[in-house]
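J.: got a predicted model here, sequence first, then my questions.
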Amino acid sequence: TYHVNFVFPVATEPTVAAPVPTHDAADVMSIYSETYTDIAGTNFNPPWGQSTVVSFMDIVGNETMKYATFNYQGIELAGNQDMSAMEFVHVDIWTPDATVIKATPISATTGEFLLELTPLNQGSWNSYDIPVGDFTGVSMADIFQLKFDGQTGVTPSDVFIDNIYFWK
C-alpha cells in the first residue's frame, strides 16, 4: 500500500477584504474604517516599545492595517473621546498564526481592561462586537487610546485589522 500525505499551504494574508460594516454612520464613532469618517489625528503606531511593525495594505480594493511581528500594539486618539453614548466596540481581525488576541479601549482616568477576542479562527475574518460594559471599570467618557495584545499566545504573529469603531 502507498500513503500519500498532502500538505496544503496556509495563507499568510487575507485574499478577501474584511466585511463591509452596515451600521448607520450617525451611530458610529470610527477609529479605522473606509466605510465611516475616522476620528482625525489618530496615531496608529505610537512608540510603546512593541515589536509590531505597522503597515497599510490593499486587500481587494480595501485598505487594511497589518501588524507584522505582532506582540502588542497601541493606537492613540487625538485627545480624549467621549464614547459614553456608544454600546459596542467593533473590530475585524484576520490572522494566519496568532492564538490569542486581547483588546481594550483605554480611559484617561480609569485605564484599561483587556478582553480576549474569542473565537479566534485562523485564516478567516473574525468580526467582534464587544459590549462596552464588558470592559470592566473602563470609563467610556474619556477614551484616548486602544490596545491590542497577543503576548499570551503565539508571539510574534501576524495580524490584519480593519473596521475599528464604536457603535450604538
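T.: Yep, that arrived. Numbering: from 1, shown residues only.

J.: name the spans of this structure whose pLDDT lies under the cut-off.
T.: 1-9 (pLDDT under 70).

J.: span of stretch 29-45 from start to end?
T.: 20 Å (C-alpha to C-alpha, to the nearest Å).

J.: give the buried residues for it.
T.: Neighbour counts over stretch 29-45 (16 or more other C-beta atoms under 10 Å) mark 29-36, 38-39, 42, 44-45 as buried. Every C-beta, even on glycine, is put in place using the N, C-alpha and C of the backbone.

J.: ok, stretch 45-57 next?
T.: So, applying 16+ other C-beta under 10 Å, buried residues of stretch 45-57: Asn45, Gln50, Thr52, Val54.

J.: just those now: which is nearest Asn126?
T.: Asn126 lies nearest to Thr52 out of these, by C-beta to C-beta, at 18.3 Å.

J.: ok, the closest one touching Gly74?
T.: No - the pair Thr52 / Gly74 is not scored as a contact, 9.1 Å apart, by C-beta atoms under 8 Å.

J.: one step back: from the buried residues of stretch 45-57, which is closest to Leu114?
T.: Using C-beta to C-beta, the buried residues of stretch 45-57 come closest to Leu114 at Gln50, 14.6 Å.
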